[in-house]
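# 3D model of this:
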Amino acid sequence: MVWSLIKIVAFFVLIGLLAIGAGLLLNADGSIRIALANTEFTLGPLQAVIAVILLLVLAWVVFKLLKLLWALLRFLNGDETAVSRHFSRNREKKGLAALGDAMLALASGEGKEAQAKAERAERYLHRPELTSLLIAQGAEMTGDHARAEAVYKELVQHDRTRFVGVRGLLKQQLDAGNTDTALALAERAFAIKPKHAETQDTLLKLQAARHDWTGARRTLGAKLKHGSLPRDVHKRRDAVLALSEARDVIAEGNSIEARERAIEANRLSPDLIPAAVMAARGYIDNNQERFATRVLKKAWNVQPHPDLAAAFAEIQPNESAQQRVRRFSTLTRMHPDHPETKMLLAELHIANEDFPAARRALGDLATADPTARSVTIMAAIERGEGADDAIVRGWLARALTVPRGPKWVCDNCHTVHGEWGPICGNCGAFDTLSWTEPKEGTVALPSQAEMLPLIVGQTETDRPEVVAEPEPAPATAAPQPAAGPEATPAPATPAPTTAPEETTAPATGPATRDETVVPPVSEDRRQSAVSIPEAEVIVPQEQRDEETAKLK
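The predicted structure follows:
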């Protein structure tokens with residue numbers, strides 16, 4: 001504001017001085033006489049000043065014309081002159097304008113327009129590292145992959161644009177699904193720019209997809225070296241790769257090497273559940289139960305998980321149910337309020353036929369935070385305590401609608417997996433599976449859905465057959481209830497004689513499988529309930545005999 005005021009005042013002062021000077025010149029006496037050839041000019045003071053100014057302007061114009069003529073002669077001779085620079089600036093201006101239009105067209109999704117503008121910019125600028133890339137991207141947008149590939153191959157020929165060309169070809173091969181060619185291009189791009197984070201991730205993903213765990217670990221080390229990966233993340237992902245390498249070795253049948261790789265993976269990341277399970281089983285095979293217990297305790301302390309409990313049960317497969325409850329206290333003392341700990345302890349007590357203790361261990365988990373597993377365990381407890389059939393069916397019916405519980409879920413695409421793997425089977429992302437609650441409506445069948453046979457230490461083939469026991473013949477016209485704790489008193493009013501209904505007598509002894517006898521339902525409901533883990537009903541033989549004697 002002040003500066004503008006100063007300029008305005010200076011302008012008026014200058015005008016005033018010029019006016020004063022012109023007035024002085026008009027009032028001045030004397031004249032200037034100039035004789036040129038036979039012509040004589042007489043100029044007053046003001047006229048003389050104006051003539052001098054005009055003469056200076058004329059001299060300046062003549063000088064510029066001479067310079068222009070000299071520059072034109074040099075331009076025709078091929079030298080660098082102001083004329084050539086003028087035309088160069090004009091071409092550059094037009095080329096930059098066309099380049100800007102090409103970028104705007106590309107951003108707007110107009111592939112053909114972008115190609116045309118980029119070609120025009122190339123005629124003016126002669127900068128293929130800029131214009132060729134726009135042409136290739138425009139060709140890809142319009143579906144002309146052949147032209148895009150040709151442009152990328154041209155870029156590969158020059159040192160300055162080689163990486164851009166290789167990267168473009170790599171993306172084309174990835175889109176086409178040619179993983180072998182893409183892997184070769186990714187390795188070449190990584191050799192040109194080992195610090196490029198996108199190339200590192202692409203190469204790591206392709207190597208993991210081909211089970212090239214050794215190469216993937218080298219790439220992961222390069223990411224750590226160049227600072228594109230935090231140290232703790234590198235440590236975990238290196239453990240994932242070591243675990244994947246161990247699993248492949250197991251598939252090849254080399255158990256000793258697999259055990260060493262699994263132990264290495266567990267050492268790199270003790271909280272990685274699959275690594276802890278595999279390392280513990282390696283120790284078990286080597287009769288090192290103490291080391292297996294230590295590995296599982298450390299992993300359980302980080303995050304309780306059913307796979308850890310299954311591996312812990314394998315340490316002593318032939319122990320009794322009561323001994324198993326005592327030994328599992330090593331785990332259940334840690335995180336006693338965790339849902340997994342509560343359900344594990346409840347299942348252990350069910351296997352020991354201590355149903356009140358199982359109810360106390362489960363607490364209010366089946367009502368406060370219900371899952372299919374906790375509700376099914378509650379149904380087994382109710383049946384074991386002799387509850388009415390309607391109560392058991394109510395719990396099983398509720399298991400159809402409650403959440404499935406934690407599963408292996410991909411953090412990238414949220415796909416639910418039945419078991420852990422280093423790569424998501426849906427999106428192909430590396431190390432994105434985490435044990436968490438899936439989104440509403442997602443269902444999966446985990447590989448360790450049934451926990452009781454693992455805790456008891458018996459397999460599916462060891463389970464005794466359940467024999468259907470016929471109901472004793474009715475003594476009166478009224479039908480007699482089936483023997484068992486779920487029997488209800490017979491109605492007092494006479495009823496027509498009906499055929500006795502067969503009931504399934506629960507097997508005696510320790511529980512061998514966590515299957516619940518689901519009441520008959522329609523075929524549609526059976527299909528909708530396929531993902532519910534089942535728990536077998538445990539009823540002591542002595543209780544059955546006592547109830548039968550009372551009814552008789």
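# For this protein, which segments count as strands?
Counting by DSSP state E, the chain has strands at residues 32-36, 39-43, 407-410, 416-417, 433-436, 468-469, 503-504.
# Direction included, what does the third one pair against?
Strand 407-410 pairs in its sheet with strand 416-417 (antiparallel), strand 433-436 (antiparallel), by DSSP bridges.
# now the first one
Within its sheet, and counting by DSSP bridges, strand 32-36 is paired with strand 39-43 (antiparallel).
# Tell me the spatial nearest neighbour of the most centrally placed residue in the chain, not counting adjacent residues.
In the chain, the centroid-proximal residue (C-alpha atoms, centre = their mean) is residue 412; its distance is 2.4 Å. Distances taken as C-beta to C-beta, 6 or more residues apart in numbering put residue 429 closest to residue 412, at 4.3 Å, once the chain neighbours are dropped. (C-beta placed from N, C-alpha, C; glycine too.)
# Least reliable of the strands of the chain by average pLDDT, please.
Of all those, the minimum mean pLDDT falls on strand 503-504 (a mean of 32).
# on that earlier part again, between the strands paired with strand 407-410, which gets nearest to residue 320?
Among the strands paired with strand 407-410, strand 433-436 comes nearest to residue 320, with 30.5 Å by C-beta to C-beta.
# about what we covered before: model confidence score at the residue nearest to the centre of the chain, please.
If you check residue 412, the pLDDT there is 86.
# Deepest in the core, which of the strands of the chain is it.
strand 407-410 (a mean of 22; mean count of other C-beta atoms under 10 Å).
# what's the neighbour count on the closest residue in space to residue 430 that isn't next to it in sequence?
Closest residue to residue 430 apart from its sequence neighbours, by C-beta to C-beta, 6+ apart: residue 208 at 5.1 Å. Using other C-beta atoms under 10 Å as the criterion, residue 208 is surrounded by 24 other residues.
# cool, residue 287 as well?
7.
# ditto for the one 3 residues further on
Around residue 290 there are 9 other residues, counting by other C-beta under 10 Å.
# Which pLDDT does the model give it?
Value for residue 290, per-residue pLDDT: 90.
# Residue 192 too?
Note for residue 192: predicted pLDDT of 92.
# who's in contact with the closest residue to it other than its chain neighbours?
Leaving aside its chain neighbours, residue 192 sits nearest to residue 163 (4.7 Å; criterion: C-beta to C-beta, 6+ apart). Each residue near residue 163 by C-beta atoms under 8 Å, 6 or more residues apart in numbering is listed here: 189, 192-193, 196.
# now that we have the residues you listed, which one has the most neighbours?
residue 189 (24 neighbours).
# Could you list every helix and strand in contact with the longest helix seen in the chain?
Across the chain, the longest stretch assigned as helix under DSSP state H is helix 45-77. Other helices and strands packing on helix 45-77, by 3 or more C-beta pairs under 8 Å, 6 or more residues apart in numbering; DSSP states H and E, are helix 2-27, helix 82-107.
# by contact count, what packs against the first one?
Counting contacts by 3+ C-beta pairs under 8 Å, 6+ apart, helix 2-27 is packed against helix 45-77.
# try the last one
Counting by 3+ C-beta pairs under 8 Å, 6+ apart, the packing neighbours recorded for helix 82-107 are helix 45-77, helix 111-125, helix 128-141.
# which of the residues in it are buried?
Neighbour-count burial for helix 82-107 flags 95, 98-99, 101-103, 105-106 (criterion: 16 or more other C-beta atoms under 10 Å).
# mind saving the C-alpha coords of stretch 303-316 as CSV?
The C-alpha coordinates for stretch 303-316 follow below in CSV (Å, rounded to 0.1, in the frame of the first residue of the first chain):
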residue,chain,number,x,y,z
GLN,A,303,-1.5,-65.2,21.6
PRO,A,304,-3.5,-68.2,22.7
HIS,A,305,-4.4,-70.3,19.7
PRO,A,306,-6.0,-73.8,19.2
ASP,A,307,-3.1,-75.0,17.0
LEU,A,308,-0.8,-74.4,20.0
ALA,A,309,-3.1,-76.4,22.3
ALA,A,310,-3.2,-79.2,19.7
ALA,A,311,0.6,-79.3,19.5
PHE,A,312,0.8,-79.2,23.3
ALA,A,313,-1.5,-82.2,23.5
GLU,A,314,0.8,-84.2,21.2
ILE,A,315,3.6,-84.0,23.7
GLN,A,316,1.9,-86.6,25.9
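# how about low-confidence regions in this structure?
75, 78-87, 250-259, 440-552 (pLDDT under 70).
# do that again at 50, thanks
442-540, 543-544, 547-548, 550-552 (pLDDT under 50).
# Now the terminal residues of stretch 298-309, how far apart.
One end of stretch 298-309 sits 12 Å from the other (C-alpha to C-alpha, to the nearest Å).
# Would you mind listing the outside residues contacting that stretch?
By C-beta under 8 Å, 6+ apart, stretch 298-309 touches 270-274, 276-277, 296, 312, 328, 331, 334-335, 338, 340-341, 344, 435, 448, 451, 454-455.
# 7 Å instead?
By C-beta atoms under 7 Å, 6 or more residues apart in numbering, the surrounding residues in contact with stretch 298-309 are 270-271, 273, 276-277, 296, 331, 334-335, 338, 340-341, 344, 435, 448, 451, 455.
# again with stretch 204-214
The contact list for stretch 204-214 (C-beta under 7 Å, 6+ apart) reads 179, 182-183, 186, 215-216, 219-220, 241, 244-245, 248, 422-423, 428, 430.
# just the buried members of those?
Judged by 16+ other C-beta under 10 Å, buried ones among the contacts of stretch 204-214: 182-183, 186, 215-216, 219-220, 241, 244-245, 422-423, 430.
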